[in-house]
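Student: for reference, the sequence and a predicted model appear below.
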Amino acid sequence: MKNDDYRFYFVSIVSTLSIAFVSLLNYASPLNSYRRTGIGRHRVGKKIRALSLLSGGLDSLLAVRMLEEQGIEVVGLTFTTPFFGSENAEDAAKEMKIPIRIVDISDEHLAMVKNPPHGRGKNMNPCIDCHAMMVRKAGEIAVTEGFDIVATGEVLNERPMSQNRRSLDTVAKNSGCSEILLRPLSARLLDSTKPEREGLIDRSRLGAISGRSRKPQMELAKKYGIVHYIQPAGGCLLTDPAFSKRLEVLLHDLPEAGCDDVELLKLGRFFRFENGVKAIVGRNEKNNQKIEALPESLGALLISDVLPGPAAIVLSPKSIRDVNLVASICATYADHGGSEVPIKIRYGGRTWSELVSPVEKESFLNFLI
């Protein structure tokens, strides 16, 4: 065999080995590991994980099921503030059989509610900034704990102000995790995300829902067997007109108000008198029990000795006249039968009882917020 023939065979062998080596490297790459094992299943032995914001509403439940349908492991995430709690999300997680994280963001959330960069909705609800805060918190957890996807149940154009394309982009931009932020229900109508581009999830199997019609969601709920869920915006006090008015008054008079101050607004009828003094008068036994447990430092406590009858707190009264006014309101709301009502009063380090006459409601309803 001639030298040229040896050189030819040597080059051929080296070329074949090089191609095989490159192919082996390509086969072992993370991206191709998705292709070998199937979307959403494993990434070099690691399960793909999503942290999905969960409210208990239908959209958030559907987002979870769409992720699970592609073999992705989902952990729910919900938040607590003075304006909404975690109960609905916890119930939903139990029914969906997924683990859930609960994060208290009360102080930070209240600071944002006082001065929301992107304004408010119809009431005191700063939906854009609220969503951005929650998604940002989710992104921080995702980075720390190695989640591949942050998901929400947001639907394009479902809410004209807070879920239009511009608002969704604003939320993503301010979240700090826009690259991994996925809205499964509307994903095919939005820009692709890193998990889609890298093959962690099949974009073609995600949703293309837009608009306020609930028909597409109802069909998906039927498909996934989802029956129990809360109505949209059903859990946030900031969307409630009456509560929003009380909060607006509180923040106007007390800009430095904290979460404990906000909690008082939930305890019953809220009065603000001409001199600026405020009072809370219970509507039911649950309100009354919470009012009676309030610390003496908040003001004067009044308890009707007639059942049913309210308890009340006069916040930082300026004089005994403020206390007497609220005592007459308590007597009016009590089951007085036209007679004077015994009211127990705790104020200024003393406790005593008085017989108080009910008055016409028209005399004080203009102070009711």
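Tutor: The structure has been received and is ready for your questions. Nothing here was measured: the structure is a model prediction, and the numbers come from that model.

Student: Pro82 touches Leu264, doesn't it?
Tutor: No: counting by CB atoms under 8 Å, Pro82 stays clear of Leu264, with 10.1 Å between them. C-beta: built from backbone N, CA, C; applies to glycine.

Student: only C-alpha atoms, please: export stretch 143-153 in PDB.
Tutor: Extracted C-alpha coordinates of stretch 143-153, given in PDB (Å, rounded to 0.1, in the frame of the first residue of the first chain):
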ATOM      1  CA  VAL A 143     -33.900  32.100  41.500                       C
ATOM      2  CA  THR A 144     -33.000  31.100  45.000                       C
ATOM      3  CA  GLU A 145     -34.600  27.600  44.800                       C
ATOM      4  CA  GLY A 146     -33.900  26.700  41.200                       C
ATOM      5  CA  PHE A 147     -37.400  26.900  39.700                       C
ATOM      6  CA  ASP A 148     -37.400  27.000  35.900                       C
ATOM      7  CA  ILE A 149     -40.700  28.800  35.300                       C
ATOM      8  CA  VAL A 150     -42.700  31.500  37.100                       C
ATOM      9  CA  ALA A 151     -46.400  31.200  36.000                       C
ATOM     10  CA  THR A 152     -49.500  33.200  36.500                       C
ATOM     11  CA  GLY A 153     -53.100  32.800  35.400                       C
END
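
Student: just checking the distance from it to the centre of its chain.
Tutor: In terms of CA atoms, centre = their mean, to the nearest Å, the centre of stretch 143-153 is set 17 Å apart from its chain centre.

Student: is Ile343 in a helix, a strand, or coil?
Tutor: Here Ile343 is recorded as strand under DSSP: H, G, I helix; E, B strand; the rest coil.

Student: so it bridges to which residues?
Tutor: Beta-bridge pairing for Ile343 (DSSP bridges): Ser304, Glu354.

Student: where do the strands of this protein begin and end?
Tutor: Along the chain, the segments classed as strands by DSSP state E run 49-53, 73-80, 100-104, 149-151, 181-182, 269-272, 278-281, 299-304, 311-315, 341-347, 350-356.

Student: please identify the deepest-packed of these.
Tutor: Stretch with highest mean neighbour count among these: strand 149-151 (a mean of 29; mean count of other CB atoms under 10 Å).

Student: re earlier: closest to Phe367 out of the strands of the chain?
Tutor: When the strands of the chain are compared by CB to CB, strand 269-272 sits nearest Phe367, at 4.7 Å.

Student: got the contact list for that closest one?
Tutor: Contacts to strand 269-272, defined as CB atoms under 8 Å, 6 or more residues apart in numbering, come from residues 246, 249, 253, 278-283, 326, 329, 364, 367-369.

Student: let's see it at 7 Å
Tutor: Arg246, Val249, Lys278, Ala279, Ile280, Val281, Arg283, Phe367, Leu368, Ile369 (CB atoms under 7 Å, 6 or more residues apart in numbering).

Student: OK, contacts around the fifth one?
Tutor: What that stands for is Ile280. Counting by CB under 7 Å, 6+ apart, Ile280 has contacts Leu264, Leu267, Gly268, Phe270, Ile291, Ala312, Ile313.

Student: and the pLDDT at the closest residue to Ser60 other than its chain neighbours?
Tutor: Excluding the flanking residues, the one nearest Ser60 by CB to CB, 6 or more residues apart in numbering is Gly153, at 3.6 Å. Per-residue pLDDT puts Gly153 at 96.

Student: mind listing what's buried in stretch 185-193?
Tutor: For stretch 185-193, a neighbour-count test (16 or more other CB atoms under 10 Å) marks Leu185, Ser186, Ala187, Arg188, Leu189, Leu190, Thr193 as buried.

Student: burial check on the nearest residue to Leu62 once chain neighbours are set aside, number of neighbours?
Tutor: Leaving aside its chain neighbours, Leu62 sits nearest to Leu220 (5.1 Å; criterion: CB to CB, 6+ apart). Leu220 is flanked by 19 other residues according to other CB atoms under 10 Å.

Student: need the CA coordinates for stretch 335-355. PDB is fine.
Tutor: Only the C-alpha atoms of stretch 335-355 are listed here, as PDB (Å, rounded to 0.1, in the frame of the first residue of the first chain):
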ATOM      1  CA  ASP A 335     -82.200  45.800  70.600                       C
ATOM      2  CA  HIS A 336     -83.500  48.600  72.800                       C
ATOM      3  CA  GLY A 337     -87.200  48.300  72.400                       C
ATOM      4  CA  GLY A 338     -87.600  52.000  72.900                       C
ATOM      5  CA  SER A 339     -85.900  52.000  76.300                       C
ATOM      6  CA  GLU A 340     -82.500  53.200  77.500                       C
ATOM      7  CA  VAL A 341     -79.700  50.800  77.000                       C
ATOM      8  CA  PRO A 342     -77.000  50.000  79.600                       C
ATOM      9  CA  ILE A 343     -73.600  50.700  78.100                       C
ATOM     10  CA  LYS A 344     -70.300  49.700  79.800                       C
ATOM     11  CA  ILE A 345     -67.500  52.200  79.100                       C
ATOM     12  CA  ARG A 346     -63.800  51.800  79.500                       C
ATOM     13  CA  TYR A 347     -61.900  55.100  79.100                       C
ATOM     14  CA  GLY A 348     -59.100  57.000  80.800                       C
ATOM     15  CA  GLY A 349     -58.200  54.200  83.100                       C
ATOM     16  CA  ARG A 350     -61.800  53.900  84.400                       C
ATOM     17  CA  THR A 351     -64.600  51.500  83.700                       C
ATOM     18  CA  TRP A 352     -68.300  52.300  84.400                       C
ATOM     19  CA  SER A 353     -71.800  51.800  83.100                       C
ATOM     20  CA  GLU A 354     -74.400  54.300  81.900                       C
ATOM     21  CA  LEU A 355     -78.000  54.100  80.800                       C
END
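
Student: what does it rub up against?
Tutor: Contacts of stretch 335-355 (CB under 7 Å, 6+ apart): 296, 300-306, 308-309, 323, 327, 330-331, 334, 356-358.
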